[in-house]
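Engineer: Pasted the sequence and its predicted model underneath.
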Amino acid sequence: MQLQDESETVMKLVFGGRLLLNGTLGRLWYRLCSWMYPRVWNKTIAQVMAQLFDNSSAEMIFRMTGNLGDLGGNYAQTPFTLLPLLIHHYNDEGGYYPKGGPNSVIAALIPAIEKTGGRCLASAEVKRIIFENDRAVGVVVEKNNNEYEIRCRSGVISSAGVRNTYLKMAPLKDLPSITPKWFLDGMGKILAEIPPSTQHFQVFLGLNKSQKELNLPKYNTWCYPFDLDTHPLTLHSYDEQLETFHRDPINGPPLAFIGFPSAKDPGLLCILLFIYYENRHPGRSVCVIAAETPLYHFQKYANLAPGARGEEYEALKKKLECDWLMWCLSAIDKIEIGTPLTSMHYFGSVMGESYGLDSSLNRFFNFDFSHCLRPKQPIPGLYLAGQDTALWGFTGGMVSGIQTAEAILGYHRWPVILAKRTLIRDLKKMDGVPTDDRDLLP
């Protein structure tokens, strides 16, 4: 419990220092924090666990950290402070699933954006950010092989990830001349030294039986190939199995996530229709399977178009698919397979990564790196949002959006902080909704 409290405090100090401090003062702040919280500051999961436990506790530890795959990474490289946040998220607050599935989030966001004068464009790739007079003033998008300029009123917000932003849309060498050297050096090191996060092989199944017939659970399942009778767990078992699977995902021990979105959906396929999933799709259900699978297994097919990558690529997908689906073969109606190449094509991720930048120690505990990942960039009119400026996943992306909005509106200033004002707290007050201390975050 004490470690959890320390970890949560440390992450608040990391992000607080990132948002509010500059240069020497920020480095001194991080150094002070490392002195105050030596047990968890800049420590990996493996380092902290080795201090506290031996191999006799390995099974208990593994049961506590079995969903580490949600972070993407291993014990040896993942910051320990992220693990209590993950455990707290599920154990104290519980998991959440949007009514009607993920599409309902988009269905709610687009009308709100367009109501305030915004536009949502699909299949319009951002080619570059436009800089004029040392300021970000718009973007160039490509549609049907034609380029169009879109000018902004106040600035450009890139939620495409650090690599897409500073390798593709605004290369460091093309930034305005006023860009400070500390930023060019820091961001250059981030791009060179912090690798992309883990990549995934994904299986999407359409099943011709209902959740009730198949007895599908609402909870997520992480599957691990441990035989505790013949191979007792050690503190290194997870990393060893993950490395083995990464080297040979076809023949290695399968480590996979399994979830059933149709069983989780409490209700609305479409917010406007008020129809339950089972009534909307009687006798049908869906399943998602995902496993960390490095890009290099598929790299040689990268230059081929989706759907035209040849028999060898399809055979590789088929082999992985068959190994995982024996339990439900009789109920499968439809199979769609995604690889890191799929993520590169549809999501625009540079290396097929799922979570943006890797969750390494340097990303959070090296101030020269962390400072570069603040929402308000040192180029006037340019802001970052998304997983890279906060944490991984949907929740991390959502929190980063709040932080970026606050940066644009001027919340990240000491007078505002000391007055205990946040964007969420102010919005609640406008609507007459009671506030509490949780509204002080992020």
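Structural biologist: Perfect, thanks for sending it.
Engineer: Just confirm H345 is within a helix.
Structural biologist: Yes - checked against DSSP: H, G, I helix; E, B strand; the rest coil, H345 lies within a helix.
Engineer: all numbers from here: first residue = 53
Structural biologist: Sounds good: first residue 53 from here, last item H397.
Engineer: where in the stretch 353-494 of the chain is pLDDT low?
Structural biologist: Residues of the stretch 353-494 of the chain meeting the criterion pLDDT under 70: 356-382, 489-494.
Engineer: Let me see the ranges of the helices in it.
Structural biologist: 362-376, 392-398, 413-417, 419-422, 445-461, 466-470, 475-482 (DSSP state H, counting those that start in this stretch).
Engineer: repeat for the stretch 53-202 of the chain
Structural biologist: Secondary structure of the stretch 53-202 of the chain (DSSP H, counting those that start in this stretch): helices located at 54-72, 75-88, 97-104, 110-116, 134-143, 155-167.
Engineer: Which of the ones you listed sits closest to L123?
Structural biologist: Shortest distance between L123 and the helices of the stretch 53-202 of the chain, using C-beta to C-beta, is found for helix 134-143: 5.7 Å. In short, each C-beta sits where N, CA and C put it, glycine included.
Engineer: now that closest one: how far from the chain's centre is it?
Structural biologist: 15 Å (C-alpha atoms, centre = their mean, to the nearest Å).
Engineer: Check stretch 63-75 too.
Structural biologist: Using C-alpha atoms, centre = their mean, the offset of stretch 63-75 from its chain centre is 20 Å.
Engineer: quick one: buried residues of that stretch?
Structural biologist: Neighbour counts over stretch 63-75 (16 or more other C-beta atoms under 10 Å) mark 63, 65-67, 69-71, 73 as buried.
Engineer: For those residues, give me a markdown table that also has distance to F399 and pLDDT.
Structural biologist: Listed next are those as a markdown table, based on distance: C-beta to C-beta, whole Å; pLDDT from 0 to 100:
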| residue | distance to F399 | pLDDT |
| --- | --- | --- |
| M63 | 26 | 92 |
| L65 | 32 | 93 |
| V66 | 27 | 93 |
| F67 | 25 | 91 |
| G69 | 31 | 90 |
| R70 | 26 | 91 |
| L71 | 27 | 88 |
| L73 | 33 | 86 |
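Engineer: tally of neighbours for L77?
Structural biologist: 12 (other C-beta atoms under 10 Å).
Engineer: And it, how far from W466?
Structural biologist: Using C-beta to C-beta, to the nearest Å, L77 is found at 12 Å from W466.
Engineer: one step back: closest one to A354 out of the buried residues of stretch 63-75, please.
Structural biologist: Closest to A354 out of these is R70 (34.1 Å), distances taken as C-beta to C-beta.
Engineer: isn't that closest one right next to C424, touching?
Structural biologist: No - contact criterion C-beta atoms under 8 Å: R70 and C424 do not qualify, at 9.2 Å.
Engineer: separation between R79 and E58?
Structural biologist: Using C-beta to C-beta, R79 is found at 21 Å from E58.
Engineer: Which residue of the two possesses the greater neighbour count?
Structural biologist: Set side by side, R79 and E58 show more neighbours around E58, with 19 against 16, by other C-beta under 10 Å.
Engineer: Next up, the contacts around A343.
Structural biologist: With contacts defined as C-beta atoms under 8 Å, 6 or more residues apart in numbering, A343 is in contact with 252-253, 297, 301, 306-309, 376.
Engineer: Just the pLDDT for it.
Structural biologist: Note on A343: pLDDT of 87.
Engineer: Sort out which residues of the helix or strand it falls within are buried, please.
Structural biologist: Using DSSP states H and E, A343 sits in strand 337-344. Going by neighbour count (16+ other C-beta under 10 Å), the buried part of strand 337-344 is 337-339, 341-344.
Engineer: Domains of this protein: list them as residue ranges, please.
Structural biologist: Domain ranges of the chain: 169-247+408-452, 252-398, per automatic domain parsing.
Engineer: M116 is nearest to which of these?
Structural biologist: Closest approach to M116 among these (C-beta to C-beta): domain 252-398, 11.6 Å.
Engineer: what's the span of the closest one, first residue to last?
Structural biologist: Across domain 252-398, the terminal residues are separated by 14 Å (C-alpha to C-alpha, to the nearest Å).
Engineer: now stretch 390-406
Structural biologist: Using C-alpha to C-alpha, the end-to-end distance of stretch 390-406 comes out at 12 Å.
Engineer: Now do it: everything it contacts.
Structural biologist: 124, 177, 212-213, 215-216, 219-220, 248-256, 345-347, 350, 353-354, 358, 361, 369, 408.
Engineer: Can you flag the buried ones in the residues you listed?
Structural biologist: For those, a burial check counting by 16+ other C-beta under 10 Å picks out 124, 212-213, 215-216, 220, 248-255, 345-347, 350, 353, 361, 369, 408.
Engineer: and those residues, which of them are in strands?
Structural biologist: Of the buried ones among the contacts of stretch 390-406, the ones assigned to strands by DSSP state E are 252-255.
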